[in-house]
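1. would you be able to build a 3D model of this:
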Amino acid sequence: MPVDQCLKRPACHLLLPSLFFPCLLLAQEYSVPKDEFGYPDFNGVWNFNDSTPFERPPGLGEREFLNAKELAAKFARLGAGQQRRDRREEALSQRILEEPTDDTGAYNSFWSFYDESFPNQRTSIIVYPTDGRLPVTQNGVITQHSPPPSNPCNDGLVVIADRPSRISFGAISCDRPEDFGLASRCLLFPQSTGPYIKANSYNNNVLIVVTRDHVVLNTELGNDPRIVPLDNRPFLDKRIETWTGSSRGFWEGDTLVIETHHFNAKMASVFMRAAAYGSAENMVLTERFTRVGEQAMEYEFILNDPSTFTDQIRGIVHFSRLNAPIYEFACHEGNYALTNMLRGKRLEELRAEGYAR
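-> Reported below is the predicted structural model:
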């Protein structure tokens, strides 16, 4: 029985991790269909929404899997969350129709996808180090945190040392365009590049297209395709840096393995929605894509960056097939809002000096 079918059965959800392994081992019995080139067929749209926390709660120690009670509580919590969103959406829609409001409802739940047809029963995305936590950073490595959305110019609320800005959203200041986060400038989004670990229910879809000599991974958020050769050509010269790096792929049985070097030095080693760790300049990323069912794929990443961390990082995310197309993501918010935020900050400074009304 494919693992995605097994996971749809309530009994499977309630198994203790020690008894759950046989269910996972059934994935080995799954025969991956082949495409016209004889490769495992990965073509299609895959959703990587995964409610598993990136780092393991400290109280769980080195326990990798949820127990039966915790797993049941997780599913109950996810179900209750969907009910709350539905009620809030209904109330918001009614209020917008009946009362004057500045809330257009633009970012309502219509734009988010919360289903997890291949749920991850782990206690954290990170499985190594064995405590499920990010390893210690090297001496002198800079960690930046995004300011709260209510304070996009970061007026002293979050101490962010040194340029360049490697955060995703907000800014380290509104002094110049380069101080804004990469997503705020429409340059790079947490979901745009590997590793795919930043699930937050929004645009977490990737279109995979495999040809004889290449695989293309086009993530919906940002529309930034990664074109990965499969023909054993060498990596690009180190002097040619791109945001998503130089990637080369190969097949290891039914697993697609992609290794990536030469990321842009202005990108963080671990690039999250609200935090950025170090620089990806010397990072080597290895990704492994393995289909384990008709609708299920296991995605594993290994991040080696001795310039940023004292140990490697390994994580596992569950992908689910999405039988729907992906659409253009046009980043007009950043294109227009960036100018307005800079203008607003200059007016604020002029008013403080008594030069503007």
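
2. quick one: the strands in the stretch 101-250 of the chain?
-> 126-128, 143-145, 205-210, 214-219, 224-229, 246-252 (DSSP state E, counting those that start in this stretch).

3. for residue 76, which of those strands is the nearest?
-> strand 126-128 (24.4 Å; CB to CB). For every residue, glycine as well, the C-beta is placed using N, CA and C.

4. report the mean confidence score over that closest one.
-> Average pLDDT, strand 126-128: 97.

5. for stretch 267-285, same thing?
-> pLDDT averaged over stretch 267-285 gives 92.

6. start and end of it, how far apart?
-> Start-to-end span of stretch 267-285 (CA to CA, to the nearest Å) is 13 Å.

7. circling back to that earlier point, now the strands of the stretch 101-250 of the chain as a markdown table including mean neighbour count and distance to residue 324?
-> Below are the strands of the stretch 101-250 of the chain laid out as a markdown table (neighbours: other CB atoms under 10 Å; distance: least, CB to CB, whole Å):
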| stretch | mean neighbour count | distance to residue 324 |
| --- | --- | --- |
| strand 126-128 | 19 | 29 |
| strand 143-145 | 19 | 34 |
| strand 205-210 | 20 | 8 |
| strand 214-219 | 20 | 14 |
| strand 224-229 | 17 | 18 |
| strand 246-252 | 17 | 25 |
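
8. now those in TSV, with distance to residue 266?
-> Putting the strands of the stretch 101-250 of the chain into TSV (distance: least, CB to CB, whole Å) gives the following:
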stretch	distance to residue 266
strand 126-128	24
strand 143-145	12
strand 205-210	23
strand 214-219	19
strand 224-229	15
strand 246-252	16
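
9. and of these, who's closest to residue 334?
-> Of those, nearest to residue 334 by CB to CB is strand 224-229, at 14.0 Å.

10. parallel or antiparallel, which strands does the closest one pair with?
-> Looking at strand 224-229 with DSSP bridges, its partner strands are strand 214-219 (antiparallel).

11. specify the angle between the partner strand and strand 246-252 in degrees.
-> If you take axes from the mean of the first three to the mean of the last three CA atoms, to 10 degrees, strand 214-219 sits at 120 degrees to strand 246-252.

12. what mean pLDDT does strand 214-219 get?
-> 94.

13. alpha carbons of it, as CSV, please.
-> Coordinates of each C-alpha in strand 214-219 appear next as CSV, following Å, rounded to 0.1, in the frame of the first residue of the first chain:
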residue,chain,number,x,y,z
HIS,A,214,17.2,19.1,-17.4
VAL,A,215,14.8,19.4,-14.5
VAL,A,216,13.0,22.7,-13.9
LEU,A,217,11.7,23.6,-10.5
ASN,A,218,9.4,26.6,-10.8
THR,A,219,8.1,27.8,-7.4
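
14. quick one: contacts of that strand?
-> 42, 189, 191-194, 196, 203, 205-210, 224-230, 249, 256, 258, 326 (CB atoms under 8 Å, 6 or more residues apart in numbering).

15. same check on stretch 318-334?
-> Against stretch 318-334 from outside (CB under 8 Å, 6+ apart): 4, 44-50, 52, 113, 115-120, 180, 183-186, 196, 203, 205-207, 218, 220-223, 289, 294-299.
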